[in-house]
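Trainee: using only what follows, build the 3D model:
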Amino acid sequence: MAVLLAACQPLPHPFADDAPRRGSPMLTLRDSASVTIAPIDGAPQATAEKLAPAMASALQQREIAASDKTASIGSYELVGRIEEMPPSGDKVALVAIWELRDPAGKSLGERTERLEAPAQD
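Mentor: Numbers count the residues shown, from 1 in each chain. Take a look at the predicted model:
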């Protein structure tokens, strides 16, 4: 029995030297946060339904993890609503009000955007 145990020593470690060095960028986690876009309130309803996916796509193009379908406990939340303003001539204006909340629900800021378009659009 002692001969068998002695024959198994030392065990080979073929990948022992294949570890990244201390301070290697491979070991550094990227500092990032995800954003959940809540369903958009307001009218016109057809525009409100398209706005959350469009915002998620725009954030993703800027390399921000964003979704209008999923959320996590650590996600920031972007809450929006739109309001249709009275028409002026042949143009209609929509106002989008955005509020960003941290994962605890605390408001971090608000922004309002106005867009005018021909009434038929």
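Trainee: so who does residue 43 touch?
Mentor: Applying C-beta atoms under 8 Å, 6 or more residues apart in numbering, we find residue 43 in contact with 82-84. For glycine as for every other residue, the C-beta is placed from the backbone atoms N, C-alpha and C.
Trainee: how about 7 Å then?
Mentor: Counting by C-beta atoms under 7 Å, 6 or more residues apart in numbering, residue 43 makes contact with residue 84.
Trainee: let's number from 139 now, not from 1
Mentor: Got it, first residue is 139 now, which makes that one residue 181.
Trainee: phi, psi for residue 181 please.
Mentor: With angles defined as degrees, to the nearest 10, residue 181 sits at phi -130, psi 150.
Trainee: again, but for the one 10 residues further on
Mentor: Main-chain dihedrals, residue 191, degrees, to the nearest 10: phi -60, psi -30.
Trainee: what's the burial count for it?
Mentor: 14 (other C-beta atoms under 10 Å).
Trainee: not counting its neighbours along the chain, what's nearest it?
Mentor: With C-beta to C-beta, 6 or more residues apart in numbering as the criterion, residue 191 has its nearest non-adjacent residue at 5.1 Å, and that residue is residue 206.
Trainee: got it, and residue 205?
Mentor: residue 194 (5.5 Å).
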